[in-house]
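> What follows is a predicted protein model with its sequence.
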Amino acid sequence: MFFQKDAETMSRQQIEEIQLKRLKALVDYCYNNVPFYHDRLDKAGITGDKIKSLDDIKYIPYTTKDDIRDNYPFGLFGQPLKKIVRIHASSGTTGKPTVVGYTRNDLEIWSDCMARLCTAAGATDEDIVQISFGYGLFTGALGLHYGLEKIGATVVPTSSGNTEKQIMLMQDFQTTALVGTPSYAQLIGETAREMGVIDKINLKLGLFGSEGCTEEMRTQVEKTLGLFATDNYGMSELMGPGVSGECRERCGMHINEDHFLAEVINSETGEVLPKGSQGELVITTLTKEGIPMLRYRTKDITKIDYEPCKCGRTFARMAKIMGRTDDMLKIRGVNVFPSQIESVLMKFDQIAPHYQLVITRENFADRLEVKVELADSSLLERYSALESLRSSIHHDLKTVLGIDTKVSLVEHKSLERFQGKAKRIVDLRKK
Ligand code: DLL
């Protein structure tokens, strides 16, 4: 099933022709409408007619989150507020949030992009969809909301939190699809199990995203809730959700390439990497008016496959996000991604899908403690079984990461649960 089949099945040549035409127009749009870009492009000597091929994008300077912050709140907007009909912002743990604005046309394209991805995931007008992302400045809830309404699904905007009520509504409405972070979906599943109503839940599809989730973690969540889950990627600066998402084949997230031009770069040198390489994702928004982005550095690490997919879609597919360049833990000089740890942990049946990574510095050396929750507390009574589990996890982590970690097994339900994006890293080195 397709939402906009003509666009979603274009040949690579057609996709590139559209991208080039839009890129040229975008460069002129930015030059004429955003003083910040006017200066940047002037300095780089770039105008739309100097872009002769997609490769010429390399002459355009990158844009970063700092550029948006430095122009807080509306400095990078491409239209006066009179034309901006919605504002969102990403919270940001320190300082001011990054603020983004949408014109009416942006909202139309956003819901089309979302409608495509929801359809690709298998959602239809028969679905009753509960949206458990928080409504508000965060883009997740409203982004999916409009896309799902566009395909005719029945949207239930529960927002996040109030988990028991979510579960009650899920039973009463016979909700068929759930939207949220995978970690909140897992919490909903565990709570339904504890309430003794997991069998009364009729979920078939999970439209998840907004945080990393390894294949192993996805399998756990699917098992808990008895559904089929797809991964969806996006960020506020680029639109929100709707940049890319998985189809039923689940072999990468299809990028809406007629609206987003993706590159992968070496995050240290800024050099553009050959197609298929792993590196930092850089996105140019080809059609956005409210806050257009030229070569925005996402800090997310992935790789892109340009082969057409078995589902019939031709849009390139980006691999699951391996981590963020600023999320990568450097432990005694070794780079460690939390996703590598998650993959190891989720292979053990005796542990629950909840963990925390605590990093400290002792005697000038970094120490990584991996706190893992037991699936149930009965193991606590058997010291030898506990010790053997701990030592197996320690061994597997060492094999994958190449460093020693301290593994602590903690009681079931003792680690914090999350209703939005999970925060699993506690870095005490900075304190
Ligand atoms: O999280 C947008 C979104 C909402 C995407 C709902 C999907 C579903 P921000 O709050 O601005 O926007 O956070 C963006 O979240 O740079 C990634 O690091 C991370 N992220 C988003 N989706 C995924 C994903 C939304 N599928 C930041 N896998 C991004 C891994 C993700 N990380």
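Looks like it came in fine.

> Strands of the stretch 301-431 of the chain, residue ranges please.
Ranges of strands in the stretch 301-431 of the chain, per DSSP state E, counting those that start in this stretch, are 304-305, 317-318, 323-324, 329-331, 334-336, 351-362, 365-374, 406-410, 425-427.

> partners of the first one, with directions?
What it means is strand 304-305. Strand pairing for strand 304-305, determined by DSSP bridges: strand 317-318 (antiparallel).

> In the sheet, which residues pair with Ile87? Tell me.
Gly101.

> And it, how close does it get to Gly101?
5 Å (Cβ to Cβ, to the nearest Å). C-beta: built from backbone N, CA, C; applies to glycine.

> Comparing these two, which residue is more hemmed in?
It is Gly101, of Ile87 and Gly101, that has more neighbours when counted by other Cβ atoms under 10 Å, with 23 against 16.

> doesn't Gly290 make contact with that one?
Yes: shown here, Gly101 and Gly290 form a contact pair, counting by Cβ atoms under 8 Å, at 4.0 Å.

> overlap in contacts of these two?
Both Gly101 and Gly290 are contacted by 77, 79, 84, under the criterion Cβ atoms under 8 Å, 6 or more residues apart in numbering.

> Can you tell me which residues in this structure are near the ligand?
Residues of the chain that fall close to the ligand, judged by Cβ under 6 Å from any ligand atom: 90, 138-140, 209-212, 231-236, 240-241, 298, 300, 321, 324.

> and the closest residue to the ligand within the stretch 151-300 of the chain, what does it touch?
The stretch 151-300 of the chain approaches the ligand most closely through Gly209 (3.1 Å), counting by Cβ to the nearest ligand atom. Going by Cβ under 8 Å, 6+ apart, Gly209 touches 140, 181, 231-234, 241, 245.

> among these, which two are most distant?
Using Cβ to Cβ, the contacts of Gly209 span at most 14.4 Å, a distance reached by Thr181 and Gly245.

> So for the two, which sits in the more crowded spot?
Using other Cβ under 10 Å as the criterion, Thr181 and Gly245 rank with Gly245 on top: 30 against 25.

> pretty sure the more buried one contacts Thr119?
No: between Gly245 and Thr119 there is no contact, the gap being 10.0 Å when judged by Cβ under 8 Å.

> how deep is the residue in the stretch 301-431 of the chain that the ligand sits nearest to tucked in, by neighbour count?
The ligand sits closest to Ile321 of the stretch 301-431 of the chain, with a gap of 3.6 Å, by Cβ to the nearest ligand atom. Ile321 has 22 neighbouring residues, counting by other Cβ under 10 Å.

> who touches it in this structure?
With contact taken as Cβ under 8 Å, 6+ apart, Ile321 is in contact with 212, 233, 300-302, 339.

> now with 7 Å?
Residues near Ile321 by Cβ atoms under 7 Å, 6 or more residues apart in numbering: 212, 233, 300-302.

> now do Asp231
208-209, 213, 245-246, 253, 320.

> re the thing from before, make a markdown table out of the contacts of Ile321 and add distance to Val282 and neighbour count.
Listed next are those as a markdown table, based on distance: Cβ to Cβ, whole Å; neighbours: other Cβ atoms under 10 Å:
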| residue | distance to Val282 | neighbour count |
| --- | --- | --- |
| Gly212 | 19 | 24 |
| Tyr233 | 14 | 23 |
| Asp300 | 10 | 21 |
| Ile301 | 12 | 21 |
| Thr302 | 11 | 22 |
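
> Would you point out the most distant pair within those residues?
Spanning the widest gap among the contacts of Ile321 are Tyr233 and Ile301, at 12.0 Å by Cβ to Cβ.

> Lys82 - that's part of a helix, no?
Yes: the assignment for Lys82, made by DSSP: H, G, I helix; E, B strand; the rest coil, places it in a helix.

> what number of residues lie near Lys43?
The local packing of Lys43 (other Cβ under 10 Å) involves 9 other residues.

> Would you pull up how far the longest helix seen in the chain lies from the middle of the chain?
When the chain is parsed with DSSP state H, its longest helix is helix 12-33. Mean-position distance between helix 12-33 and its chain equals 25 Å (Cα atoms, centre = their mean, to the nearest Å).

> what's the answer for stretch 316-326, then?
Taking Cα atoms, centre = their mean, one finds stretch 316-326 lying 8 Å from the centre of the chain it belongs to.

> Now that stretch: buried residues?
Across stretch 316-326, burial judged by 16 or more other Cβ atoms under 10 Å covers 316-318, 320-324.

> Quick check, Arg297 in contact with Tyr62.
Yes: using Cβ atoms under 7 Å, Arg297 is in contact with Tyr62, at 5.2 Å.

> Between these two, which has more neighbouring residues?
Arg297 (22 against 15).

> What pLDDT does the model give Ile87?
You'll see Ile87 listed with a pLDDT of 98.

> about what we covered before: which residues do Arg297 and Tyr62 both contact?
In contact with both Arg297 and Tyr62: Val282, using Cβ under 7 Å, 6+ apart.

> Now do the helices in this structure.
Using DSSP H, the helices of the chain run over 5-8, 12-33, 35-44, 65-70, 104-121, 139-150, 163-173, 182-194, 215-225, 338-345, 383-401.

> Compile the ones you listed into TSV and extend it with columns for mean pLDDT.
Output for the helices of the chain, formatted as TSV (pLDDT from 0 to 100):
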stretch	mean pLDDT
helix 5-8	98
helix 12-33	98
helix 35-44	98
helix 65-70	94
helix 104-121	98
helix 139-150	98
helix 163-173	98
helix 182-194	97
helix 215-225	97
helix 338-345	96
helix 383-401	96
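
> Between those, which one is closest to Asn363.
Nearest to Asn363, of those and by Cβ to Cβ, is helix 383-401 at 20.5 Å.

> which secondary structure elements does the closest one contact?
With contacts taken as 3 or more Cβ pairs under 7 Å, 6 or more residues apart in numbering; DSSP states H and E, helix 383-401 sits against helix 338-345, strand 406-410.

> any idea which of those is most buried?
helix 338-345 (a mean of 20; mean count of other Cβ atoms under 10 Å).

> Next up, the contacts around the closest residue to Phe133 other than its chain neighbours.
Using Cβ to Cβ, 6 or more residues apart in numbering and skipping the chain neighbours, the partner closest in space to Phe133 is Gly140 (3.6 Å). Shown in contact with Gly140 (Cβ under 7 Å, 6+ apart): 133, 210, 240-241.

> So which of those sit within strands?
Among the contacts of Gly140, the members found in strands (DSSP state E) are 240-241.
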